[in-house]
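Visitor: Model the following, please.
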Amino acid sequence: MQALRWHGVKDLRVEQIEEPNVQKGKVKIKVQWCGICGSDLHEYAAGPIFIPQGGKHPLTGEEAPVVMGHEFSGQVVEVGEGVTRFKTGDRVVVEPIFACGQCTACKQGKYNLCEKMGFLGLAGGGGGFSEYVTADEHMVHQIPDSVSFEQGALVEPSAVALYAVRQSQFKVGDRAVVFGAGPIGLLVIEALKASGASDIYAVELSEERRSTAESLGAIGLNPAEVDVVKEIHRLTDGGADVAFEVTGVPVVLTQAIESTKLSGQIMIVSIFEKEAPIHPNRIVMQERNITGIIGYRDVFPAVISLMSQGYFAPEKLVTKRIGLSSIVEQGFEALLKEKNQVKILVSPNE
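Guide: Predicted structure coming up:
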């Protein structure tokens, strides 16, 4: 089958590899759509970050080159021995986390914080940028007919957004600011809207992405035109209740901190490629607090339910649909060069 594999920085190759065989406790899925994630882009431009190189991943036993893609939907074509929850023809998405089940975090149910945690499509185990993939039954979730395969490919990134809001101190009626209106930032706006935010501010340089944020109900702010910290304090009469940092840019983290009110919270959703300096007094003198999330846990069912109600719709978020053969130039390179791109979906069947 055809699959995209990571060999190194700026070295992704669509190759012919062996089709996976279904094993005990696993489900074999024919991939319909797979989204290109910001994490995938980081691996392409500056990796390896999550991809194991120079040694095998402790849970998958694999190292580069590995098949990429973890935001995918598909249809069950075969089930392994012992699988009872799924049958051939089921429409599904996969929660792509590998966890050991034995460490302190796993024993507490915090499997996304596993000491050996890895992502399917980054740490090995196959990936969504291929024709077929297998996954453990307990990490597979069925989607209703009301959720399209395209929308299903948005479940994974939407889970990041909803989990970020759930893990924050945000309450119904609060005012929030989202720094960065890329795919995850836009999904955070949707999650905040679904969670009852009174006002949502979106700080974004790109006119196209800012416009998309506004179409989702946010108030757009251009940091090139206004002092966003002063403007947020003016608009909120003292600062936002919660700021979500979704850029991974050090200077933006400082802005996120300073945009919050007394005892406000900064939720870091992005992955930083470099260290970010923080002056502790910006936290101490206002009794603010900073926290962060990695991935998600126990949230896929809630995301799928919200999707069936109309949230996280692909119409405003998906800006391009391409085939696997053109994924590097029309996908990864397009996301690096074209700021009007939000979410690009890839089909291995085109």
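Visitor: neighbouring contacts of the one helix or strand Glu43 maps to?
Guide: Using DSSP states H and E, the element containing Glu43 is helix 38-46. By CB atoms under 8 Å, 6 or more residues apart in numbering, the list of residues contacting helix 38-46 from outside reads 6, 9-10, 12, 49-51, 68-70, 119, 121-122, 182-184, 270-271, 273, 332, 335-336. The way it works is simple: take the backbone N, C-alpha and C, and place the C-beta from them, glycine included.
Visitor: Tell me the helix or strand right after that helix.
Guide: strand 66-67.
Visitor: returning to what we had before: show me just the buried residues among the contacts of helix 38-46.
Guide: In those, burial by neighbour count holds for 6, 12, 50-51, 68-70, 119, 121-122, 182-184, 270, 332, 335, counting by 16 or more other CB atoms under 10 Å.
Visitor: so Leu186 makes contact with Leu317?
Guide: Yes: contact between Leu186 and Leu317 holds when scored by CB atoms under 8 Å: they sit 6.1 Å apart.
Visitor: residue furthest from the geometric center of this structure?
Guide: Farthest-out residue of the chain from its mean C-alpha position, per CA atoms, centre = their mean: Met285, at 32.8 Å.
Visitor: That one and Gly264, how far apart?
Guide: Separation of Met285 from Gly264 (CB to CB, to the nearest Å): 12 Å.
Visitor: Ok, Ala181 next?
Guide: With distances taken as CB to CB, Ala181 is found 20 Å from Gly264.
Visitor: can you pull out the helices in the stretch 51-200 of the chain?
Guide: All helices of the stretch 51-200 of the chain, identified by DSSP state H, counting those that start in this stretch, fall at 104-107, 149-152, 155-167, 183-194.
Visitor: Could you dump these into CSV and include mean pLDDT and distance to Pro223?
Guide: Converted to CSV, the helices of the stretch 51-200 of the chain look like this (pLDDT from 0 to 100; distance: least, CB to CB, whole Å):
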stretch, mean pLDDT, distance to Pro223
helix 104-107, 98, 36
helix 149-152, 98, 31
helix 155-167, 98, 21
helix 183-194, 97, 13
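Visitor: For Ile283, give me its contacts.
Guide: Contacts for Ile283 were tallied using CB under 8 Å, 6+ apart; they are 257, 289-290.
Visitor: can I assume Ile232 sits in a strand?
Guide: No: under the criterion used here (DSSP: H, G, I helix; E, B strand; the rest coil), Ile232 is helix, not part of a strand.
Visitor: Report the contact partners of it.
Guide: If you count contacts by CB under 8 Å, 6+ apart, Ile232 has them with 177, 201, 221, 239-240, 259.
Visitor: From these, which land in helices?
Guide: Judged by DSSP state H, the subset of the contacts of Ile232 located in helices is empty.
Visitor: how about the strands in the stretch 151-300 of the chain?
Guide: Using DSSP state E, counting those that start in this stretch, the strands found in the stretch 151-300 of the chain span residues 175-179, 199-203, 219-221, 240-245, 260-268, 289-292.
Visitor: what is the rounded mean pLDDT of the fourth one?
Guide: Think strand 240-245. Across strand 240-245, pLDDT averages out at 98.
Visitor: Please name every helix or strand in contact with that strand.
Guide: Applying 3 or more CB pairs under 8 Å, 6 or more residues apart in numbering; DSSP states H and E, one finds that strand 240-245 makes contact with strand 175-179, helix 250-258, strand 260-268.
Visitor: and the direction of the shortest one versus that of strand 260-268, what angle?
Guide: Compare the direction of strand 175-179 with that of strand 260-268 by axes from the mean of the first three to the mean of the last three CA atoms, to 10 degrees and you get 50 degrees.
Visitor: So what's the model's average confidence on strand 175-179?
Guide: Strand 175-179 comes out at a mean pLDDT of 98.
Visitor: what sits up against that strand?
Guide: Surrounding strand 175-179, the residues in contact under the criterion CB under 8 Å, 6+ apart are 170, 185, 188-189, 192, 197-203, 213, 218, 232, 236, 240-247, 252, 255-256, 259-260.
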